[in-house]
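Trainee: here is the input, now give the coordinates:
(chains A and B)
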Amino acid sequence: MILMVGTNMSEAHPVASTFVKDAVLGGAQLIVVDPRRTDMVDFAQLHVPIKVGSDVAFINGVMNVLITEKLYDKKYVESCTVGFEDLKKKVMEYPPERAAEISGVSADTIREVAHRLASVKPAMLMYTLGITEHTCGVNNVMSCANLQMLLGNVGFECGGVNPLRGQNNVQGACDMGALPNVFPGYQRVDNAQAREKFMKAWNVQSLPEKPGMMMPTMMKNLTTGKVKAFYVFGENLANTEPDIHHVEQELQSAEFLVCQDIFPTETTRFAHVILPAAAWSENDGTFSSSERRVNRVRTASVPPGDAKPNWWIFKEIAKRMGHKWESNSAQEIWDNEVSVLAPSLAGIQYARLENDGIQWPAPSKDHPGTPTLHKDGKFTCGLGVLKAIDWTPPAEVPDKEYPMVLSTGRRLYHYHTRTQTGRSQGINDLLGEETADISPADAQAHGISDGEIIAVKSRRGEVKVKARVTNQVPEGLVWMAFHFREACANWLTNPVYDPVTQTAEYKACAVRINRLT
Amino acid sequence: MSDTFFLNGKEKPFKPGQMILDAARNGGIEIPTLCYLKGAAATGACRVCCVEVKGARSLMASCSTPVTAGMEVFTETELVHRSRKMIVEFMLASGRHNCLMCEANGNCRLQDLAYYYKITKLQFPEKEISDIYPTEDENPFIVRDFSRCILCGRCVQACNELVVNRAISQGYRGAESKIVTGGDLPYHESECVFCGQCVEVCPVGALMEKKAKGLGRPWEVKKIRTTCPYCGVGCQQWLHVKDGKIVKVTAVEDAEPNKGRLCVKGRFAYDFIYSEDRLKTPLIRKKNGEFREASWDEALDLVASKFKEIIKKDGPDSIAGVSCARSINEDSYQMQKLFRAVIGTNNIDHCART
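Mentor: The predicted structure follows:
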């Protein structure tokens, strides 16, 4: 049994989706919870087209049924979790009828989902950015965890809460401490012992203890003057961040902007210095995948011109600021620093990564790695915490002026801002432009025909884009990606953020569509 | 009843339901096959895997015949050899298997079998060229050369049973048989999503990577294992490299996590690294807003001195940076180390949250 929530897997993680499809052919049930009729719905026993941003209400409704009808895993809840009474009290406020009203699917559907989930064990929950890219992203994730703990599904193979990560090494960038509050291996910067350890390893007298700014705060502070210098490594913020007009103003405000990249991008236009980097397959290293698997990356060709490995560039800047770093290759960095300093990676060394990688935690050199976390419901933190969570609507909901919801995502053929796929021969032939996907009903209401150029307008901006009339999209929804600059969805998206993670609400804002003539 | 059978006279174990081909392979005997595809249901399409089974009226396709207890199987008899050789001869006559002009030369199961069975001339008249479907070469990635197709059906199985994109199937009948998309449309007008799994499993040169054409024979390329640079699945790839340049990408079979599968981006979107647009030298913005080329020393000195100046004037927390979630772990490690240990701020983040 697989429950997919807010994941367009066949386009964003195509190879992962093939294994889900295999499971369905092998007899597994699949439930797809998504406002759109994504391709995976073809394989699902049940498609639950909830309204954009109603996830918490929907999941609370499902949990209401599980608790009311005593279908949840009482033994697991009692022995492995805390907080059940609080959770129960909260979800009792969400009887299926109320959850139905908020989420736009019927109360019977909510009951059916609950009944189906309770009938198979374990069931696997998979989610992607449909869950996280909301002002209530953290609450959405915790609701997924609530549901899976209530069902006793966490800590088992083919169970668990499984986020599919968007970038090849977004897991690794977190693991390496490219986060404002933790050192490599999630050791907190506000922990004196951790700082002591890193001071010694890095041969410095002090390390800052106050957690730093998250990216949206950094960018906001470019305009307040609190941030003077901004170092952007391999990010095309001018296309990827919500509300491009505003983002460009922020980048423009930097006193000193350093961009380190492999291509000139919309972002490097604002740079004061551009540093040319070696790309994938031009140096050795490691990526860490969604399943915490550390995999090797190997050199196949030489970087063009004077382009240099990124690790070398950082080392050279450190040298010019008076710090001599010893490690002189990715392998030396990993073997002599990363695996020494991060306990969960202590057992991972290049010599062990020759074939299939190793899934952390791998605390010792003979440890085989850990495919499943919280094994048998024994949570890393002790007991799993069930949380009472209330539904909150997106920050901007449709009104008279902007009556439709815009939700955004990725399409199969391109990757993000197309800096790479757009330069790979042939890909543009398969997908050469952006479209605004709308329902036949909305197309008819506006007199829009398939392929016609229309205007999509939000409070932030307006784009002219080809309409794609499709049954994938429900009435009232416009769906777009951000692969193409001119019709990039981020001219329209709303720069509002989850208060904890500062993840932007890419999945919901209000727009209107118009014919041009 | 014990679970053993006799393989060329030797008693060997088998698992209930196991096909002769698999059981023989476990028993150390490799039976040739063109259509067998791991993970998919056996079809018995190519018949190359035929074996003699004592008591059977005819030769049996070992890929689709389950072993039974006490079964006596012979894999290398004169009859088996003669039959396999004839099957290969029929295949050679079914199209235009001219290895000189074929991309699969050196990596072709049919070529291997023709050599193994010492076939030196065509026994049967070749199919009329007018009876062969024309080559489809209109999409950017996959060439479908029907003159080399042996109708083994591996591509159909990969598409329907492994990656389940359901874009192709067996079409038409008899001598007109063809692997078809829905409505027999070309790939780019069909349901095909260009994952290229059909190419990956094609045992001959019927399905070929268009971008790799003419760039290197199998014996000229070095295969380097790496991890895909796109999404977070972490698919394992073989980079086929000739003269320091990637000419083709295939999947690593049996590797975790992708088990020999890739998607359109992983398989075909590798050549961005050779784009003329690549940044090749450090650039410094001039007063008039334009960029000029600079040496590494000049650019790095500028960055370091500007950082030092800003730290002195406004403190380390007035510098902030974002790392790259597409680059290697070691790069992110170095960048956060630069920010924490050298600049003295925790203002380091990356795009995970946005």
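Trainee: how near is residue A:266 to chain B?
Mentor: Between residue A:266 and chain B the distance, using CB to the nearest CB, to the nearest Å, works out to 13 Å. In short, each C-beta sits where N, CA and C put it, glycine included.
Trainee: what about the residue lying closest to that residue once chain neighbours are set aside, which SS state?
Mentor: Distances taken as CB to CB, 6 or more residues apart in numbering or on different chains place residue A:238 nearest to residue A:266, at 3.9 Å, with adjacent residues excluded. Of the three states, residue A:238 takes helix under DSSP: H, G, I helix; E, B strand; the rest coil.
Trainee: just the element for residue B:335, please.
Mentor: Here residue B:335, judged by DSSP states H and E, is contained in helix B:329-337.
Trainee: go ahead and confirm the residue nearest to residue A:266 touches residue A:270.
Mentor: Yes. At 7.3 Å, residue A:238 counts as touching residue A:270 under the criterion of CB atoms under 8 Å.
Trainee: give me the common contacts of these two.
Mentor: Counting by CB atoms under 8 Å, 6 or more residues apart in numbering or on different chains, the common neighbours of residue A:238 and residue A:270 are A:248, A:251.
Trainee: so what's the residue of the stretch 51-200 of chain B found nearest chain A up against?
Mentor: Nearest residue of the stretch 51-200 of chain B to chain A (CB to the nearest CB) works out as residue B:140 at 2.9 Å. Residue B:140 makes contacts with A:425, A:426, A:427, A:429, A:430, B:188, B:210, B:211, B:268, as judged by CB under 8 Å, 6+ apart.
Trainee: in what helix or strand does it lie?
Mentor: Using DSSP H and E, no helix or strand contains residue B:140.
Trainee: same check on residue A:138?
Mentor: Here residue A:138 is assigned to helix A:137-150, by DSSP H and E.
Trainee: what residues of the host helix or strand of residue A:221 count as buried?
Mentor: Element membership for residue A:221, per DSSP H and E: helix A:215-224. Across helix A:215-224, burial judged by 16 or more other CB atoms under 10 Å in any protein chain shown covers A:215, A:216, A:217, A:218, A:219, A:220, A:221, A:222.
Trainee: around residue B:334, how many other residues sit close by?
Mentor: Using other CB atoms under 10 Å in any protein chain shown, residue B:334 has 30 other residues around it.
Trainee: swap in residue A:432?
Mentor: Other residues near residue A:432 come to 11 when the count uses other CB under 10 Å.
Trainee: what about the strands in the stretch 251-400 of chain A?
Mentor: In the stretch 251-400 of chain A, the segments counted as strands under DSSP state E, counting those that start in this stretch are A:256-261, A:273-276, A:285-288, A:293-297, A:358-359, A:384-385.
Trainee: how many neighbours does the closest residue to residue A:367 other than its chain neighbours have?
Mentor: Closest residue to residue A:367 apart from its sequence neighbours, by CB to CB, 6+ apart: residue A:347 at 4.2 Å. Using other CB under 10 Å, residue A:347 has 19 neighbouring residues.
Trainee: tell me who's in contact with residue A:347.
Mentor: Residue A:347 neighbours (CB under 8 Å, 6+ apart): A:339, A:358, A:362, A:363, A:364, A:365, A:366, A:367, A:369.
Trainee: repeat that for residue A:92.
Mentor: A:64, A:67, A:68 are the contacts of residue A:92 under CB under 8 Å, 6+ apart.
Trainee: most neighbours, which of these?
Mentor: Result: residue A:64 is most packed of the contacts of residue A:92 (other CB under 10 Å), 24 neighbours.
Trainee: what about that one, which helix or strand?
Mentor: With DSSP H and E as criterion, residue A:64 is part of helix A:55-68.
Trainee: next, the angle helix A:137-150 makes with that helix.
Mentor: Counting by axes from the mean of the first three to the mean of the last three CA atoms, to 10 degrees, helix A:55-68 lies at 20 degrees to helix A:137-150.
Trainee: could you list the buried residues of helix A:55-68?
Mentor: Buried, per 16+ other CB under 10 Å, within helix A:55-68: A:55-68.
Trainee: pull the most distant pair out of those residues.
Mentor: A:55 and A:68 (20.1 Å; CB to CB).
Trainee: could you identify the helix or strand that succeeds the helix holding residue A:64?
Mentor: Downstream of helix A:55-68, the first helix or strand assigned by DSSP H and E is helix A:74-80.
Trainee: name the residues that touch that next one?
Mentor: With contacts defined as CB under 8 Å, 6+ apart, helix A:74-80 is touched by A:84, A:149-152, A:154-155, A:377-379, A:383-384, A:386.
Trainee: at 7 Å what do you get?
Mentor: The contact list for helix A:74-80, computed with CB atoms under 7 Å, 6 or more residues apart in numbering or on different chains, reads A:84, A:150, A:152, A:377, A:379, A:383, A:384.
Trainee: next: stretch B:240-257.
Mentor: With CB under 7 Å, 6+ apart as the test, stretch B:240-257 has contacts from A:281, A:289, A:291, A:293, A:300-302, A:356, B:200, B:209, B:212, B:215-216, B:220-225, B:233-239, B:258, B:260-262, B:266-267, B:270.
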